[in-house]
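A.B. asks: what would the 3D arrangement of this be:
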Amino acid sequence: MIKRLLIVVHRWLGVACCLFFVIWFPSGIGMMYWDFPEVTPADRLERSPALDPATVRVSPAQAVDALKPSPPPEQIRLNSFDGRPVYRIRMGRAEQIVYADTGTARSDVSRDLMARAASAWIGQPADAATVEPIDVDQWTVQGSFRSLKPLWKYSWPDGEQVYVSQVSGEVVQYTTRASRLGAYLGPIPHWLYFTPLRTHQLAWSRVVIWSSGIGTGAAIVGLAIGVWMYSPAKRYRSQAGTTSIPYRGQKRWHMVLGLIFGIGAATWAFSGMLSMDPFPLTRRGDRGDIPGALRGGVPVSALSTNPQAVLARLPDQRVKELELTSFDGETVYIATMTGTDTQIVTASGQVRTTFDRDRIRRIVTEAAGPAGLAELREIVAYDWYYLDRRGARPLPVILARVNDADQSRYYIDPRTARVVGTYRSSNWMSRWLYHGLHSLDAPWLYTHRPAWDIVVITFMLGGTALGVTSLILAWRVVGRTLSRTVEG
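C.D. replies: Below you'll find the model as predicted:
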C-alpha cells in the first residue's frame, strides 16, 4: 500500500516538474562557461582613458567644496567620465561627481553625453546606432537597474548593444550576439530568467522556490522507490531471464538513471532552491572592525594636495584610477592601472607594490580584540572558503581567523590592504548546502581542471538523461489520463 502510494505521488510530482529538470541540467553546462551579461567597475576601468596629470587642476578639497553643504566624504576616487578627469566622492550611499579640470559638479545628463558614452564604449560612431528608450527588456530585468532609469539602448549593425543610464550618464549594460547567445544557453533558462516572469520579482521568486522544492521532493521519493524496488537477488523475471529491475523500456532506463543520479538530482534541486534564500536566517551583522582598521577614511589633511604630484611619481604607468585613503594612520594613494595591477604611493612620495605585511598583521591582531586570533598566515592557493574557478580573485592573501563564536575568517589582499573575502560559521548553509552541493566547488577540483569540468558535465548529462526519461513517461501518463477523460 505504501509503495503504491509513493509510486502515485512520484508519478504526478514528475509530471509537474519534469520539464524543469530537462531545462535545468543542460543549461547548467552552459552556466559553467557563459555568464549573464553585466558591466562591472573593472569593465568601466578597462575602457577608461589613462589619467593625464596636466588636466587635473583641482584639488580634492576644492571638489568637496563644490558640493557643499555636504557631509564629510567617505571615499574619494579620481578617474574619468566623458573623457575628462573627475572626482567620485561618496558620502553615505550617494556618489557625486565633480570635474577635476574645472571644479564644477556634474549637471544633468544630456542626450549628447549619453551618445558619447555609448560610442566611446565600443569605439563606433553613435550616429551608426539605432537608439531607443528602454524601460525593461531581457538584459535589464534585474532590480539593480530600477534606480538607473530611464535607460537608452544603442544598437549597432554588428550586434553590439550598449545601455546608458540617463541618471548616471554611464554605460550600465553591454551585450553582443555571442554574450546573448551564451545567456540563452545558460543563465536565462537555468534561472528561469524569462522577461515576462522575471519582471515580477515576487512571482518569479515563488516559481523558482516551489519548482525546485517540488523537484527535490520528486527526486527523493523516486530514489526511495528505486531502492525499494531494486532486487540484488534478481527476483524479477523477464524474457531475457531474471533481473534486478521489474521494468522495461523507458521505465527501466528511468529507474537505472535514478539509482545512479537520483541523489545528485535531489541535492542539486534542493541547493538551487537555497539560492533563493527560502529559509531566511537571523544573521549577525558584519563586525567591520578588521576592514575598518586596515583602511581608514579620507584623511582631511591630504584633501588640499593636488594628485598631479602623485601621478608624476608613476610616469611609466597608465593610471586609470587614483584612490585617496589611509593605512595605519598614514595617507596613501592607490593607483590602479588595469585589473589587479596596482601601485601604492605614500604621502612622502614612496612607491610600493604592496603594503607592509608586518603592519597588516599587527593591525589585524589589535583589531581582533579580546577574542584574539586563532590563525594568521599568508596563503598562496585557494582554500575551502576563498576560491574562484576562473582564478580571478587575488593571491597571495593573508588569512586572519578570529577566535570568536563565528570563527570569522578574513582574506586580506596585501596589495590594497582590503578585505577581499570573508566567511563565518553562520554562513555554513550558503557555503556547503548551496555552493558546495550546487557548484561542486571543491578547491582540488577547481585547481585541477578539467577535472571539475569532467565531473560536473558527467553529472549534468546524467541528470539530463534522467529528465528526458521523466518527460517521456510524464507525456504518457498525461496522454492516458486525457484519453480516459475523453472516453468517459
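
A.B. asks: and residue 333, that one's in a strand?
C.D. replies: Yes: assessed by DSSP: H, G, I helix; E, B strand; the rest coil, residue 333 belongs to a strand.

A.B. asks: residues near it, how many?
C.D. replies: Residues lying near residue 333 (other CB atoms under 10 Å) number 24. Where you see a C-beta, it was placed from the backbone N, CA and C, and this is true even at glycine.

A.B. asks: mind listing what's buried in stretch 318-332?
C.D. replies: Buried residues in stretch 318-332, defined by neighbour count with 16 or more other CB atoms under 10 Å: 319, 320, 321, 322, 323, 324, 325, 326, 327, 328, 331, 332.

A.B. asks: endpoints of it, how far apart?
C.D. replies: 18 Å (CA to CA, to the nearest Å).

A.B. asks: starting at the chain centroid, how far to that stretch?
C.D. replies: Put simply, stretch 318-332 sits 27 Å off its chain's centre (CA atoms, centre = their mean, to the nearest Å).

A.B. asks: and stretch 458-471, by the same measure?
C.D. replies: 27 Å.

A.B. asks: before we move on, what about stretch 85-101?
C.D. replies: Distance, centroid of stretch 85-101 to centroid of chain: 26 Å (CA atoms, centre = their mean).

A.B. asks: one more: stretch 217-236?
C.D. replies: Using CA atoms, centre = their mean, the offset of stretch 217-236 from its chain centre is 38 Å.

A.B. asks: rewinding a little: where is pLDDT lowest across the buried residues of stretch 318-332?
C.D. replies: Within the buried residues of stretch 318-332, residue 328 has the lowest pLDDT, namely 87.

A.B. asks: spatially, what comes nearest to it if we skip its sequence neighbours?
C.D. replies: residue 359 (5.5 Å; CB to CB, 6 or more residues apart in numbering).

A.B. asks: helix or strand: which one has that neighbour?
C.D. replies: Using DSSP states H and E, residue 359 sits in helix 357-367.

A.B. asks: what are the pairing partners of the helix or strand just after that helix, and which direction each?
C.D. replies: Once helix 357-367 ends, the next helix or strand along the chain (criterion: DSSP H and E) is strand 373-379. Strand pairing for strand 373-379, determined by DSSP bridges: strand 397-402 (antiparallel).

A.B. asks: which residues touch the strand it pairs with?
C.D. replies: With contacts defined as CB atoms under 8 Å, 6 or more residues apart in numbering, strand 397-402 is touched by 290, 357, 360-361, 364, 368, 371-379, 383, 386, 407-414, 420-421.

A.B. asks: relative orientation of it and helix 357-367 in degrees?
C.D. replies: Angular relation of strand 397-402 and helix 357-367 on a 0 to 180 degree scale: 20 degrees, by axes from the mean of the first three to the mean of the last three CA atoms, to 10 degrees.

A.B. asks: what does the very next helix or strand once past strand 397-402 rub up against?
C.D. replies: Per DSSP H and E, the first helix or strand lying C-terminal to strand 397-402 is strand 409-413. With contacts defined as CB under 8 Å, 6+ apart, strand 409-413 is touched by 290-291, 294, 360, 364, 379, 385-386, 394, 397-402, 418-424.

A.B. asks: wait, residue 396 sits on residue 382?
C.D. replies: No: the pair residue 396 / residue 382 is not scored as a contact, 10.6 Å apart, by CB atoms under 8 Å.

A.B. asks: neighbour-wise, which of those two wins?
C.D. replies: residue 382 (21 against 15).

A.B. asks: how close does that one get to residue 32?
C.D. replies: Distance, residue 382 to residue 32, using CB to CB, to the nearest Å: 18 Å.

A.B. asks: cool, residue 292 as well?
C.D. replies: Separation of residue 292 from residue 32 (CB to CB): 37 Å.

A.B. asks: repeat for residue 377
C.D. replies: 32 Å.

A.B. asks: now residue 236
C.D. replies: 39 Å.

A.B. asks: report the buried residues of the longest helix seen in the chain.
C.D. replies: Of all the segments of type helix in the chain, defined by DSSP state H, the longest one is helix 451-487. Within helix 451-487, the residues scored as buried using 16+ other CB under 10 Å are 452, 456, 459-460, 462-474.

A.B. asks: mind listing what's buried in stretch 32-39?
C.D. replies: If you call a residue buried by 16+ other CB under 10 Å, then stretch 32-39 has these buried ones: 34, 36, 37, 39.

A.B. asks: just the residues you listed: which are in helices?
C.D. replies: Going by DSSP H, the helices hold none of the buried residues of stretch 32-39.

A.B. asks: quick one: which of these is nearest residue 67?
C.D. replies: Closest to residue 67 out of the buried residues of stretch 32-39 is residue 39 (25.7 Å), distances taken as CB to CB.

A.B. asks: got phi/psi on the residue lying closest to residue 143 once chain neighbours are set aside?
C.D. replies: Leaving aside its sequence neighbours, residue 143 sits nearest to residue 201 (CB to CB, 6+ apart; 6.5 Å). Main-chain dihedrals, residue 201, degrees, to the nearest 10: phi -60, psi -50.

A.B. asks: where do the helices sit along the stretch 201-350 of the chain?
C.D. replies: Using DSSP state H, counting those that start in this stretch, the helices found in the stretch 201-350 of the chain span residues 201-229, 249-274, 289-294, 308-312.

A.B. asks: sorry, slip of the keys, the one I care about is the stretch 51-200 of the chain.
C.D. replies: 60-65, 111-122, 177-185, 187-191, 195-198.

A.B. asks: where does the stretch 51-200 of the chain have low pLDDT?
C.D. replies: Scanning the stretch 51-200 of the chain for pLDDT under 70 picks out no residues.

A.B. asks: circling back: who are the packing partners of the helix holding residue 359?
C.D. replies: helix 289-294, strand 373-379, strand 397-402, strand 409-413 (3 or more CB pairs under 8 Å, 6 or more residues apart in numbering; DSSP states H and E).

A.B. asks: nearest to residue 155 among these would be which one?
C.D. replies: Per CB to CB, nearest to residue 155 of the helices and strands packed on helix 357-367: strand 409-413, 38.4 Å.

A.B. asks: kindly export that closest one (C-alpha atoms) in CSV.
C.D. replies: The C-alpha coordinates for strand 409-413 follow below in CSV (Å, rounded to 0.1, in the frame of the first residue of the first chain):
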residue,chain,number,x,y,z
ARG,A,409,37.7,34.4,8.5
TYR,A,410,39.1,37.4,6.7
TYR,A,411,41.2,37.3,3.5
ILE,A,412,43.3,40.4,3.0
ASP,A,413,45.0,41.4,-0.2
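
A.B. asks: what pairs with that strand, parallel or antiparallel?
C.D. replies: When DSSP bridges is applied, strand 409-413 pairs with strand 397-402 (antiparallel), strand 418-423 (antiparallel).

A.B. asks: which of the ones you listed sits most buried?
C.D. replies: When the strands paired with strand 409-413 are scored by mean count of other CB atoms under 10 Å, the highest mean neighbour count falls to strand 397-402 (a mean of 21).

A.B. asks: gap between that strand and the chain center?
C.D. replies: For strand 397-402, the distance to the chain centre is 23 Å (CA atoms, centre = their mean).

A.B. asks: mean confidence (pLDDT) on it, please.
C.D. replies: The predicted model assigns strand 397-402 a mean pLDDT of 95.
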